[in-house]
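Engineer: need a 3D model of the following:
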Amino acid sequence: MREFFLNSGIYFEENVPLKKLTTFGTGGPARYVVQPKDEREISAVLTYLKQNDVPYFCLGGGSNVLASDDGFSGVVIVVGRFMSQIFFENGLLVAQAGAKACQVAHFACINGLSGAEFLAGIPACMGGAAYMNAGCFDKEMSDVVAGVKAADENGEKEFGHARCGFAYRKSAFQSNGMIVTRVLLALKPEKPEKIRAAMKEILEKKKLTQPLEYPSAGSVFRAEGGAPAGLLIDRAGLKGLRAGGAEISLKHANFIVNKGGATAKDILELMDAAGNAVKRKFGVVLRPEIKYLGDTDDIGRLSYSFTL
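Structural biologist: Numbering: from 1, shown residues only. Next up, the predicted model:
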């Protein structure tokens with residue numbers, strides 16, 4: 001595998017600690033981490049990995065991900081700094097998948113375009129934001145996405161909004177095996193000062209309601225049955241519960257924070273405690289919003305999750 005990366009000229013590193021690549025700050029070493037420069041390199045990497053049955057995981061900004069303490073024996077494909085341009089094309093704002101959501105929000109603001117203000121509060125790259133249909137405060141990616149370009153071993157394809165399969169924290173890219181390369185946004189003209197004020201309000205609200213002072217992956221569980229997961233966990237009496245260096249946040253119960261030295265095992269223990277408590281008290285099964293990066297799906301093996 002090393003020879004393939006060397007011969008292809010694709011940037012790669014070996015034995016990279018996953019805690020450096022995820023916002024949770026957990027994770028052992030990944031055998032290989034590659035950073036493609038364009039969709040052609042993504043296709044080349046996927047072709048090689050699939051032909052050789054090598055497991056892989058695509059990563060952007062590292063939010064919404066819990067990495068295993070044991071690391072990952074496969075290849076982590078990071079769509080990041082080499083694919084992070086933001087520009088205009090055919091009347092749309094185009095962001096490469098590695099562009100940070102907050103940078104897209106500021107770019108839109110500078111150019112007097114409204115609709116992307118909520119992106120200022122999303123700690124993700126645009127590829128991951130489209131993949132998860134990320135959102136906050138009643139706005140989500142599907143509200144502004146005109147289309148998405150994505151690549152697999154057969155090359156790059158464009159998906160119009162209808163083909164993106166957006167639903168609550170879902171998109172077609174979670175099941176079609178393609179890696180998002182570009183996100184096309186349809187925005188509306190507005191005065192920059194008005195946009196800036198809206199972004200400031202969003203960031204201030206996040207600061208008041210979310211534990212931004214500690215590493216986390218963002219919301220751990222999806223909303224279920226019309227009730228916010230954080231409210232259910234809070235009413236189950238689990239705010240402040242600790243396991244090792246991890247804690248169910250006192251500020252927002254749907255956040256598990258790394259208070260220092262937390263392991264994936266600590267975080268899984270708290271997820272299991274929350275899932276079991278909410279199921280017992282309310283009969284609601286919480287579905288994890290975060291994805292697991294490891295050789296086994298330890299989230300899928302939580303004691304309450306057999307009904308997921």
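
Engineer: can we go C-alpha only for contacts and neighbour counts from here?
Structural biologist: OK.

Engineer: not counting its own residues, what contacts stretch 139-152?
Structural biologist: Stretch 139-152 has contacts (CA atoms under 8 Å, 6 or more residues apart in numbering) with 39, 42-43, 46-47, 115-116, 118, 129-130, 133-135, 156-161, 164, 166-167, 177-187.

Engineer: surely Ile233 and Val278 touch.
Structural biologist: Yes. Ile233 is within contact range of Val278, at 6.2 Å (criterion: CA atoms under 8 Å).

Engineer: the more surrounded of the two?
Structural biologist: Ile233 (26 against 22; other CA atoms under 10 Å).

Engineer: shouldn't Glu41 be within a strand?
Structural biologist: No. According to DSSP: H, G, I helix; E, B strand; the rest coil, Glu41 belongs to no strand; its state is helix.

Engineer: that one: neighbour count?
Structural biologist: Other residues near Glu41 come to 20 when the count uses other CA under 10 Å.

Engineer: and the one 4 residues further on, by the same measure?
Structural biologist: Here the count is done by other CA under 10 Å, and Val45 has 24 residues near it.

Engineer: which of the helices or strands spans the closest residue to Tyr292 other than its chain neighbours?
Structural biologist: Nearest non-adjacent residue to Tyr292, counting by CA to CA, 6 or more residues apart in numbering: Leu66, 5.0 Å away. Counting by DSSP states H and E, the element that carries Leu66 is strand 65-67.

Engineer: which elements pack onto the helix or strand that that strand is followed by?
Structural biologist: Going down the chain from strand 65-67, the next helix or strand is strand 72-78, by DSSP H and E. Packing partners of strand 72-78 (3 or more CA pairs under 8 Å, 6 or more residues apart in numbering; DSSP states H and E): strand 29-35, strand 56-59.

Engineer: among the contacts of stretch 139-152, which are located in strands?
Structural biologist: Mapping the contacts of stretch 139-152 onto strands (DSSP state E) picks out 135, 156-160, 179-185.

Engineer: who's in contact with Pro189?
Structural biologist: Contacts of Pro189 (CA under 8 Å, 6+ apart): 112-114.

Engineer: now do Ile110
Structural biologist: By CA under 8 Å, 6+ apart, Ile110 lies in contact with Pro192.

Engineer: again, but for the one 5 residues further on
Structural biologist: The neighbourhood of Gly115, defined by CA under 8 Å, 6+ apart, consists of 144, 187-188.

Engineer: including pLDDT and distance to Arg2, could these go into CSV?
Structural biologist: Formatted as CSV, the contacts of Gly115 follow (pLDDT from 0 to 100; distance: CA to CA, whole Å):
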residue, pLDDT, distance to Arg2
Val144, 98, 40
Leu187, 98, 43
Lys188, 98, 47
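
Engineer: just the buried ones from these, in PyMOL syntax?
Structural biologist: Buried residues within these, by 16 or more other CA atoms under 10 Å, are selected in PyMOL with:
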select buried, resi 144+187
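
Engineer: so which of the contacts of Gly115 belong to helices?
Structural biologist: Secondary structure from DSSP state H places none of the contacts of Gly115 in helices.

Engineer: in a markdown table: the contacts of Gly115, plus distance to Asp152.
Structural biologist: Supplementary listing: these in a markdown table, determined by distance: CA to CA, whole Å:
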| residue | distance to Asp152 |
| --- | --- |
| Val144 | 24 |
| Leu187 | 28 |
| Lys188 | 32 |
